[in-house]
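> Sharing a model that was predicted from the sequence below.
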Amino acid sequence: MLSIDRIASKLDEHLNRNDYVAAEQHLEYWLAEARLQGDGRATLFLCNECIGLHRKLGREQKALAACQAALEQIEQMGIAENIGAATTYLNAATAYKAFGKAEDAIPLFERAEGIYRKNLPPQDARWGGLYNNMALALVDLGRFEEAKACYQKALEITKANDTKPEQAVTHLNLASAAESEWGLEAGEQEIALRIGLAWDLLNDASLVRDGNYAFVCEKCAPTFRYYGYFLYANELEERAKEIYEGN
């Protein structure tokens, strides 16, 4: 059996340096090896990592192929109701949403939610990721009240776990949701509120400036720029660059 911990550790090294070429080569090599050895657990892990990488890089065809491979692997392993399967449902749903397939994403989010209810305590940090991403799909479908309820749940979870970067992401998502529901002019006050809260959270002195922080800065910067907060966006991009170069 392959060592998932060692594979994940090396992958993190590549990602922390923002070296996506090396990360993809690493995943492709070990995925082929896992399949050759018949290691289902490693295969599922690597398929999930491929979903995330290709989604981040905007590679729709590769991301959706990885989703299909991961979902098929779950069925082959007979673990459709396990917590590990929920992670895959969430990853696949997030990819579907990212590539304009929100209708296909919702059933997968709901499957993950059902498994979480059976296996996770109410304050587990994984609920935050589920509700944030599910809300994004609901906004795409114009289901705004459901989306806002999900975002509120995500805020409660991230506050309980004191994960400030994730709280910031949720506030930026709420800004985008306000625009989608009301338009830029009518939603201006809510958007400004959410932008301010997100900025304060990302500047909290207690935050560790690590790879995850760099990833969140990089992820949030375009939203700040879109709403005209160019100095904030530039600052976040510079922080991410310094962290990646330092790694």
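Perfect, thanks for sending it.

> So which residues of this protein form helices?
Under the criterion DSSP state H, the chain contains helices at 4-16, 20-37, 40-56, 60-77, 83-98, 102-119, 126-140, 144-160, 164-182, 188-202, 211-226, 230-246.

> Taking helix 230-246 as reference, get the angle to the shortest one.
Between the axis of helix 4-16 and that of helix 230-246 there is an angle of 130 degrees, by axes from the mean of the first three to the mean of the last three C-alpha atoms, to 10 degrees.

> Please work out the average pLDDT along helix 4-16.
Confidence for helix 4-16, expressed as mean pLDDT, is 93.

> What lies in contact with stretch 215-226?
The set of residues external to stretch 215-226 that reach it, using C-beta atoms under 8 Å, 6 or more residues apart in numbering, is 165-166, 168-169, 172, 175-176, 195, 198-199, 202, 230, 232-234, 236-237, 239-240, 243. Bear in mind the C-beta positions are built from the backbone N, C-alpha and C, glycine included.

> hmm, 7 Å instead?
Counting by C-beta atoms under 7 Å, 6 or more residues apart in numbering, stretch 215-226 makes contact with 165, 168-169, 172, 175-176, 195, 198, 202, 232-233, 236-237, 239-240, all of which sit outside it.

> Quick check: the two most widely separated of those?
When the contacts of stretch 215-226 are compared pair by pair using C-beta to C-beta, the farthest-apart members prove to be Ser176 and Arg239, with a separation of 21.7 Å.

> before we move on, the earlier item: make JSON lines from the helices of the chain and add mean neighbour count to it.
Formatted as JSON lines, the entries for those read as follows, by neighbours: other C-beta atoms under 10 Å:
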{"stretch": "helix 4-16", "mean neighbour count": "15"}
{"stretch": "helix 20-37", "mean neighbour count": "16"}
{"stretch": "helix 40-56", "mean neighbour count": "22"}
{"stretch": "helix 60-77", "mean neighbour count": "18"}
{"stretch": "helix 83-98", "mean neighbour count": "23"}
{"stretch": "helix 102-119", "mean neighbour count": "18"}
{"stretch": "helix 126-140", "mean neighbour count": "23"}
{"stretch": "helix 144-160", "mean neighbour count": "19"}
{"stretch": "helix 164-182", "mean neighbour count": "22"}
{"stretch": "helix 188-202", "mean neighbour count": "18"}
{"stretch": "helix 211-226", "mean neighbour count": "19"}
{"stretch": "helix 230-246", "mean neighbour count": "16"}
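
> Alright, that wraps it up for me.
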